[in-house]
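Colleague: Requesting a structural model of the entry that follows:
(chains A, B, C and D)
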Number of protein chains: 2
Amino acid sequence: MAEIPTLRQLTYFIAVAETLSFGKAAARCCVTQPTLSEGLHTLETLLGAPLFTRTKRTVALTALGQELVLPARDIVLRAEDFVQLAQMKRAPFTGTLRIGVIPTIAPYLLPALLPALQTQFPALELQLKEDVTAQLLSALNQHLLDMVLMAFPYDTPGNTQMKLWSEPFMIAMPGNKPLREDLASLSDLSRHNVMLLEDGHCLRDHALAACRLQTGQQRTFGATSLATLIQMVQHGYGATLLPAMAVSHQTLPPGVMIQRFANPQPSRQIGLVWRHGHPRENEFRTLGEMIAKMHEDR
Amino acid sequence: MAEIPTLRQLTYFIAVAETLSFGKAAARCCVTQPTLSEGLHTLETLLGAPLFTRTKRTVALTALGQELVLPARDIVLRAEDFVQLAQMKRAPFTGTLRIGVIPTIAPYLLPALLPALQTQFPALELQLKEDVTAQLLSALNQHLLDMVLMAFPYDTPGNTQMKLWSEPFMIAMPGNKPLREDLASLSDLSRHNVMLLEDGHCLRDHALAACRLQTGQQRTFGATSLATLIQMVQHGYGATLLPAMAVSHQTLPPGVMIQRFANPQPSRQIGLVWRHGHPRENEFRTLGEMIAKMHEDR
DNA sequence: TTTATTAATAGGAAAATCCTATTTAAATCA
DNA sequence: TGATTTAAATAGGATTTTCCTATTAATAAA
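Modeller: Numbering: from 1, shown residues only, chains lettered A, B, ... in the order given. This next block holds a predicted model:
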């Protein structure tokens, strides 16, 4: 039987590799610095070569350390997955599920979704995090989240996508009645001063792409939420593109008029993303089907 | 930070799952039975559910245990690989390499190969195991071997094949001169009583396939080595098919005559096999190239 | 030069791992 | 049926590992 390292040692190794500081790494691992120091030392002894070059002041990975970080992380993450897998097999839809949701979905979908999920799976504790897609995917790949509810198209290498439904964009413009009967074409947009969310929101990119707009063509205003954008439309600053969700779930204020696009309607897709081979993959698919069904029955 | 199991605990789990006995598993893990018993208990407590059903007399996996054996084994094997990977990166071609070789290759190739490897890589310790292909591949997939030197075609799911060279078969028959000048065709074989190795040797199957012989067409004699077969040819019992290796590296006794086949010559391939993603994959390829080169220069 | 920061070391406490000895329960055998 | 054998659980204690606090050593910054 071969001599193998401890998961603890590997955890220390990863923490130092990521923080490049024994002190910070120790704090992250919830141990003191000497403890971590010694743990790493025994690991290096086991491997027969140093993983770091210490110069009393700074820490850097050796070539060997560099090559071993990813394999080490892989092992530790699999061990964490193992517990989740057991939990899932033992009792599906129990325990904690950490879900990330983007800001242009969260306020419209969650109010209906959360109570429904609580009813269906009372033993499932949901931890929600709202942020822009890039941040959520980063957290997902660091195993800080289990699943992300987001909009597509979006490249998510190493992850599994589950598209749930397609959501058309609509124009919100100043006007006296809530819904304009005639249908807009993409070229109609040029007649408006189109305002969008600030950079980083995928809705901005999706709207630009779906409506084939140029980046410089509209003024951003650095709007941080759809609610703000709608306020600005109401006050006559211009028009904006809203996803169907925001139109149907929010009582639009007077002075804002909605116009649909003629087919083919520009749209984004709503869906889920999780890490390939996540132990709770089966649950995620079921949840996805539930969410899609709920949206269909809305 | 999530609570994760110990590699030790996972090792215990795997051992019991494979032996279905706490005692035997403890022996394999080099601990006493109570130690293993307690380790498993804490693992089951961590997971929140039993992995085994104990009936005081027999042990069986629960449904949960069944589902977790493979993931557990995967984690432990990766941890073992981690050490080998470090060893390899730190100092390639050092340490122990466990190689399996089939009996119809070993005696002809190893006498030249081993000294050459020792010269080239003095720090590399080779552990050799000679057995039939099925046994070697089984050991390979249990991580008891790192690499197998064998003959193809052979299906090796989950493993990487590296073909090195193609080796023609020749006929060995009773006769007064060592080499017959004219070339044989496959149909000439029917004029001989063809003897082959006993079942289990891939040479038997390869010769049958390459020469398009029927199974019942020849008498086996349960020969366990090529040397025995050659002896039988010498004593006039019939003919046999020999790989080129056996002809060139062994001084054939008087009374045995070799005849080559006309093109296309029936043949087998010699090559290496290792587990997909083995940490020392790079070394294996280099070794393979060395072996091929040595064979070419023979 | 002094101060602040960071990792290594020393020494001891706490926890875990592991052992021997024993108990318990079931299957086998007389 | 009762005795014996077999195999896992439990008890209690030794050993080892892990971890902590306190201190030292070394470097960079002030």
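Colleague: Could you tell me which ranges of chain A sit under the pLDDT cut-off?
Modeller: Within chain A, the stretches with pLDDT under 70 are A:1-2, A:56-57, A:214-222, A:249-250.
Colleague: what's the burial count for A:A72?
Modeller: A:A72 has 26 neighbouring residues, counting by other C-beta atoms under 10 Å in any protein chain shown. (Glycine included, C-beta is placed from N, CA and C.)
Colleague: swap that for A:Q120, sorry
Modeller: Applying other C-beta under 10 Å, we find 12 other residues in the vicinity of A:Q120.
Colleague: Could you measure from it over to A:R90?
Modeller: 19 Å (C-beta to C-beta, to the nearest Å).
Colleague: Quick one: neighbours of the closest residue to DNA strand C within the stretch 1-150 of chain A, just the number.
Modeller: Relative to DNA strand C, the nearest point of the stretch 1-150 of chain A is A:P34 (2.9 Å; C-beta to the nearest atom of the strand). Residues lying near A:P34 (other C-beta under 10 Å) number 10.
Colleague: again with the one 3 residues further on
Modeller: Using other C-beta under 10 Å, A:S37 has 17 other residues around it.
Colleague: on that earlier part again, for the residue of the stretch 1-150 of chain A closest to DNA strand C, what are its contacts?
Modeller: By C-beta atoms under 8 Å, 6 or more residues apart in numbering or on different chains, no residues touch A:P34.
Colleague: OK, contacts around A:P243?
Modeller: Counting by C-beta under 8 Å, 6+ apart, A:P243 has contacts A:104, A:151, A:167-170, A:203, A:268.
Colleague: Show me which residues of the stretch 51-200 of chain A sit near chain B.
Modeller: With C-beta under 8 Å from any C-beta of the partner chain as the criterion, the stretch 51-200 of chain A meets chain B at residues A:63-64, A:67-68, A:71-72, A:74-76, A:78-83, A:85-87, A:89-90.
Colleague: Now, these that are in helices?
Modeller: Secondary structure defined by DSSP state H assigns A:63-64, A:67-68, A:71-72, A:74-76, A:78-83, A:85-87, A:89-90 of those to helices.
Colleague: what's A:R98 sitting at in phi/psi?
Modeller: With angles defined as degrees, to the nearest 10, A:R98 sits at phi -100, psi 110.
Colleague: Could you report the separation of the closest residue to DNA strand D within the stretch 151-298 of chain A from chain B?
Modeller: At 24.6 Å from DNA strand D, A:P279 is the closest residue in the stretch 151-298 of chain A, using C-beta to the nearest atom of the strand. Per C-beta to the nearest C-beta, to the nearest Å, A:P279 is found 8 Å from chain B.
Colleague: Would you agree that residue falls within a strand?
Modeller: No. Using DSSP: H, G, I helix; E, B strand; the rest coil, the assignment for A:P279 is coil, not a strand.
Colleague: show me what contacts the nearest residue to A:P266 once chain neighbours are set aside?
Modeller: Of all residues not flanking A:P266 in the chain, A:A210 sits nearest, at 3.5 Å (C-beta to C-beta, 6 or more residues apart in numbering or on different chains). Applying C-beta under 8 Å, 6+ apart to A:A210 gives the contacts A:169, A:266-268.
Colleague: could you dump the residues you listed to a markdown table with neighbour count?
Modeller: Listed next are those as a markdown table, based on neighbours: other C-beta atoms under 10 Å in any protein chain shown:
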| residue | neighbour count |
| --- | --- |
| A:F169 | 23 |
| A:P266 | 19 |
| A:S267 | 17 |
| A:R268 | 26 |
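Colleague: quick one: which two of those are the most distant?
Modeller: Pairwise distances across the contacts of A:A210 (C-beta to C-beta) peak at 8.5 Å, for the pair A:P266 and A:R268.
Colleague: Mutual contacts of those two, please.
Modeller: Joint contacts of A:P266 and A:R268 (C-beta under 8 Å, 6+ apart) are A:169, A:207, A:210.
Colleague: Let me see the ranges of the strands in the stretch 1-150 of chain A.
Modeller: With DSSP state E, counting those that start in this stretch as the criterion, the stretch 1-150 of chain A has strands at A:52-54, A:59-61, A:95-101, A:124-130, A:147-152.
Colleague: could you dump these to TSV with mean neighbour count?
Modeller: Shown next, in TSV, are the strands of the stretch 1-150 of chain A (neighbours: other C-beta under 10 Å):
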stretch	mean neighbour count
strand A:52-54	14
strand A:59-61	16
strand A:95-101	19
strand A:124-130	14
strand A:147-152	24
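Colleague: before we move on, back to that, from the shared contacts of A:P266 and A:R268, which is closest to chain B?
Modeller: Chain B lies nearest to A:A207 out of those, by C-beta to the nearest C-beta, at 38.5 Å.
Colleague: Validate this expectation: that closest one resides in a helix.
Modeller: Yes. Assigned with three-state DSSP, A:A207 falls within a helix.
Colleague: Pull the number of nearby residues for it.
Modeller: 24.
Colleague: ok, and the closest non-adjacent residue to it?
Modeller: A:L241 (4.3 Å).
Colleague: and the one you found, that one's in a strand?
Modeller: Yes. Counting by three-state DSSP, A:L241 is located in a strand.
Colleague: What's the local residue count around it?
Modeller: The local packing of A:L241 (other C-beta under 10 Å) involves 28 other residues.
Colleague: From what I see, it and A:P168 are in contact.
Modeller: No. Counting by C-beta atoms under 8 Å, A:L241 does not reach A:P168; the two are 10.1 Å apart.
Colleague: thinking again about what came up before, for the residue of the stretch 1-150 of chain A closest to DNA strand C, give its distance to A:H41.
Modeller: A:P34 is 10 Å from A:H41, where distance means C-beta to C-beta.
Colleague: Could you do A:Y237 as well?
Modeller: Using C-beta to C-beta, A:Y237 is found at 63 Å from A:H41.
Colleague: isn't there a helix covering A:S190?
Modeller: Yes. Looking at A:S190 with three-state DSSP, it is inside a helix.
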